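Asks: no sequence on hand, only this structure:
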């Protein structure tokens, strides 16, 4: 069921701004732990911008570790209902809500060196995906670093090496990708992946390298494969429309100056920096085998994934969205 349909009529215009003596404190729902990249990359800069722009009359407070409600899949609903004023999430966790936004996640939709945030904002500003974020003010749209394979103890060098293995995926796109490579996709929350790898519930996962440190998966991942274009994850940060409209003129101006591409770029670059550091640590670790496939070896994966991308774009009528995402 579409999550907006689920939340319709539930505090649609809620203004969840708390405070005393006229001060405005925006509640930011963070389902990840407080040491996660999102805090320093986005929550703290937003708080600083509002604080400085209003002489302390408005700020953002992060509620970490699911304090405002557990589970990343419900983040959009929490903001719509006013449980939180702001929140971040993954479009892939509620794929029916964001079919065209998810085109940016597709294998090969973007080359490995192109930024996801710019692609998403092009599509948003051209009206291709804006309708997927109703009754909210979109604060940030960004992508992760390119996805890689992270395995419990199997080395993966060819698609055949994935045959029959249980691979954790973040949503329908990565599920289709893993099926095309012969693996069995398993959808469990990121917060359960550590235990899933440790117990053998899953054999591996496809995601960005930042999670090796953000979720301490470096402790349970024994092999990493890079090189193929497995796509990337996409993310959003939205604000309750009523809360946004209830800001003072000064607070709104301060938020408007940083929201959109500026905070999205900052967040994506922090994601990539975390990923680069985590991957370098894996290369230096005696406990992790990092397999970096060359162009010819990677092409075997890319060829197998091409039909996944073509089929998805056709299914959602996303040709114009793909063009916007890929535009220079």
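Replies: Structure's in. What do you need? On a predicted model such as this, the values are computed, not experimentally measured, just so you know.

Asks: A strand includes residue 202, no?
Replies: No - read with DSSP: H, G, I helix; E, B strand; the rest coil, residue 202 is coil and lies in no strand.

Asks: regarding the chain, what is its longest helix?
Replies: Counting by DSSP state H, the longest helix found in the chain is helix 261-284.

Asks: how about the strands in the stretch 51-200 of the chain?
Replies: Ranges of strands within the stretch 51-200 of the chain are 58-63, 86-90, 136-146, 148-151, 166-168, 184-186, based on DSSP state E, counting those that start in this stretch.

Asks: the ones you listed: which one's closest to residue 302?
Replies: strand 136-146 (12.1 Å; C-beta to C-beta). Any C-beta I mention is one placed from the backbone N, CA and C, and that applies to glycine too.

Asks: elements contacting that closest one?
Replies: helix 75-81, helix 116-125, strand 232-240, helix 241-245, helix 261-284 (3 or more C-beta pairs under 8 Å, 6 or more residues apart in numbering; DSSP states H and E).

Asks: angle of the helix or strand just after the shortest one against strand 86-90?
Replies: Elements were assigned by DSSP states H and E; along the chain past helix 241-245, the next helix or strand is helix 249-258. Put simply, helix 249-258 runs at 20 degrees to strand 86-90, going by axes from the mean of the first three to the mean of the last three C-alpha atoms, to 10 degrees.

Asks: domains in the protein, by residue range?
Replies: The chain breaks down into these domains under automatic domain parsing: 3-143+233-274, 148-231+285-326.

Asks: can you get me the start-to-end distance on the last one?
Replies: Domain 148-231+285-326 has an end-to-end distance of 21 Å (criterion: C-alpha to C-alpha, to the nearest Å).

Asks: and if you look at stretch 152-161?
Replies: 13 Å.

Asks: re earlier: I'd like the domains of the chain as a markdown table, with mean neighbour count and mean pLDDT appended.
Replies: Shown next, in a markdown table, are the domains of the chain (neighbours: other C-beta atoms under 10 Å; pLDDT from 0 to 100):
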| stretch | mean neighbour count | mean pLDDT |
| --- | --- | --- |
| domain 3-143+233-274 | 20 | 90 |
| domain 148-231+285-326 | 19 | 96 |
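
Asks: picking that back up, which strands or helices does the longest helix of the chain pack on?
Replies: Packing partners of helix 261-284 (3+ C-beta pairs under 8 Å, 6+ apart): helix 37-38, helix 44-53, helix 116-125, strand 136-146, helix 211-214, strand 223-226, strand 232-240, strand 289-292.

Asks: closest to residue 29 out of those?
Replies: Smallest distance to residue 29 across the helices and strands packed on helix 261-284 (C-beta to C-beta): 10.0 Å, for strand 232-240.

Asks: listing partners with orientation, what would you give for that closest one?
Replies: Using DSSP bridges, the strands paired with strand 232-240 are strand 86-90 (antiparallel), strand 136-146 (antiparallel).

Asks: how far away is residue 124 from residue 134?
Replies: 13 Å (C-beta to C-beta, to the nearest Å).

Asks: how far does stretch 157-171 sit from its chain's centre?
Replies: Between the centre of stretch 157-171 and the centre of its chain there are 21 Å (C-alpha atoms, centre = their mean, to the nearest Å).

Asks: name the nearest residue to residue 263, sequence neighbours excluded.
Replies: Of all residues not flanking residue 263 in the chain, residue 140 sits nearest, at 5.0 Å (C-beta to C-beta, 6 or more residues apart in numbering).

Asks: which ones are touching the residue nearest the centre of the chain?
Replies: Closest residue to the average C-alpha location of the chain: residue 235 at 3.2 Å, with C-alpha atoms, centre = their mean. Counting by C-beta atoms under 8 Å, 6 or more residues apart in numbering, residue 235 touches 88, 89, 90, 91, 140, 141, 142, 143, 144, 267.
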